Each structure stands twice: as C-alpha cells, then as structure tokens.
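Colleague: can't give you the sequence, but here's the structure:
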C-alpha cells in the first residue's frame, strides 16, 4: 500500500519552492530525498524545499518555540541545509496563511538564521524583517572568464559576495559558481551577486545561489545588494538617521529593500502558492534506489 505525502508549490519573485507540511516533524528528509523532489525533470522541481515544522517539534528550533510557533527547515535544491532564504520566508508565511494557520498581520518565523518578523499586508505583499547585515573584513575578488571585480563581503545570516558590473551579461552563464579569491573567505561556499545600476537607488541583479545555481531571485541576496549599494553610495542609515530604500530588480520580479537607522533590514515583495497535491512515497523510494 502506497503512502501519499502532501506537498505544495510556491514562489516569491519566481524563486520557487517545494513546500512539505510536517507539523510534528515526522518525515525523514535526507539530502537525496530533497534533491529528488527539487529535480525539475524527474521530480516536482524547485530552487529549494520548505519543510514546515512546529518549532517545538524540531531539535534545531525548540529553544525558539516561545518566540515563534513555526520553524522554516529550509533546504537548498541539492539537499544541503541553508541558514536562511528571504524569498522562502515570504512563501513560508503565505503557506501558513493559505492553510488557515495564520491571518493577515504580524507573525514570527523561526529559521536557522534566527527568528524573523513577518507582516502579511492586505494588498498581498509580505514584508520580512531580515535582521542586520554584517560586513566581514577582507578584500574579495570575483571572476568570470577574463574579467574580475572587487566584491563586497556581506553576511545576511548567510554569506554573499556582491560585485558591481557595467552589464549583467558579464556574469556569463552562471552554470558554475564564479571563482572568488581568497578561497579561505568562504569556507562553506558563497552566494555571488552581480549588480548593475538602473537609476537612483534602483539596481538590477543576477545571482548564483550556493547549492542551487543561478536562480530567478534571492531575498537575502537582494538585501546584501541593497546595503552594499547604499555603502557604495555613501548612505549609512546608522550615521544619517534616515532609512535607505533601494528597489532591486531580479529576473523574476522586483523587491523593495529598506535599511533602518537601527540596522534592521526589511524586504517587501510578493509570494504565491501555485499548486498543491501529493507525491507517492513508493515513487520516491524507487528514485532513490
């Protein structure tokens, strides 16, 4: 007798995810299983997987249960574990709303990058408090072919290298992670953003996401890009006392990023549930051999 396991599919600015509701953390989701589900030809397909678990039921989130009922156990498309995913948090919140578990307004979501504050607006957009950016010391260089650029080292709970370019085409095909130096700066790998100006406080970006390849959008990447652009432009809200807001175009849409004087970064954008259904555990067992 086959076992049917529920799933949904959602996206935030076309950064797409397989959503697996599992409130009591009863499912075993090793890396090979996650990779099979995220496979775009032989599986459901997604840049990553959102495992929806009650914080109290997950060993990595129990200590956060008093602050946030729900834990986003996020995995990259290759099955590896990730600290945070900004677009994923918005889609995670949209799922909770879709399932009737939360309503419009404010909620808290536990992640490996800490508890994130979320606001679901009546107009449909979702704003996520993404925490503060850190700027680790040390020069970084990113290369594609014969071109190289200095990159800003930004940590948003996960590592980013932000390179400003004249043309986004200079990023190449992004089938492989762009080489970076020194290699010791990112021992666990890095998300690499290529950024081009579109107007005052308006930029466009492409991104190679660690564990996923080029994606249509990256929320933490958009935040890293916005704060890197602000510092390049001489805007530091902690110094000026004025929030800095940047519009960031990604291949899958548009995000609005605001850094407040207290350092907190807010990301606003859409999140959509596009389908729901079931997959067969026997199929999955066959895929995994």
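Modeller: Cool, got the structure. All of these numbers come straight from a predicted model, not from anything done at the bench.
Colleague: and the residue nearest the centre of the chain, what is it in contact with?
Modeller: Centroid-nearest residue in the chain, with C-alpha atoms, centre = their mean: residue 85, separated by 2.4 Å. Counting by C-beta atoms under 8 Å, 6 or more residues apart in numbering, residue 85 touches 15, 48, 72, 74, 219-220. In this view, the C-beta of every residue, glycine as well, is placed from N, C-alpha and C.
Colleague: one more time with 7 Å, if that's ok
Modeller: Residues near residue 85 by C-beta atoms under 7 Å, 6 or more residues apart in numbering: 48, 74, 219-220.
Colleague: Give me the contact list for stretch 217-228.
Modeller: Stretch 217-228 has contacts (C-beta under 7 Å, 6+ apart) with 12-15, 84-87, 130, 133, 152, 154, 156-158, 160, 162, 191, 193, 195, 203, 205, 207, 209, 246, 248, 250-253, 255, 257, 259, 265, 267.
Colleague: ok, now stretch 59-67?
Modeller: With contacts defined as C-beta under 7 Å, 6+ apart, stretch 59-67 is touched by 55-56, 71, 108, 110, 112, 115.
Colleague: how about a cut-off of 6 Å?
Modeller: Identification of contacts with stretch 59-67 by C-beta atoms under 6 Å, 6 or more residues apart in numbering yields 55-56, 71, 108, 110, 115.
Colleague: chain center to that stretch, what's the gap?
Modeller: Distance, stretch centre to chain centre, for stretch 59-67: 21 Å (C-alpha atoms, centre = their mean, to the nearest Å).
Colleague: mean confidence for that stretch?
Modeller: For stretch 59-67, mean pLDDT rounds to 97.
Colleague: Also stretch 4-23?
Modeller: In this model, stretch 4-23 has an average pLDDT of 96.
Colleague: cool, stretch 171-188 as well?
Modeller: Here the average pLDDT along stretch 171-188 is 94.
Colleague: gap between the two ends of that stretch?
Modeller: Stretch 171-188 has its terminal residues 22 Å apart, counting by C-alpha to C-alpha, to the nearest Å.
Colleague: Outside of it itself, list whatever touches it.
Modeller: Outside stretch 171-188, the residues within contact range by C-beta under 6 Å, 6+ apart are 138, 140-144, 159, 161, 192, 194, 206, 208, 214.
Colleague: Let me know how buried the nearest residue to residue 166 once chain neighbours are set aside is, in neighbour terms.
Modeller: Nearest non-adjacent residue to residue 166, counting by C-beta to C-beta, 6 or more residues apart in numbering: residue 196, 6.7 Å away. The tally of other residues near residue 196 (other C-beta atoms under 10 Å) stands at 17.
Colleague: For residue 196, pull up the helix or strand it's in.
Modeller: Residue 196 is part of strand 191-199, with elements assigned from DSSP states H and E.
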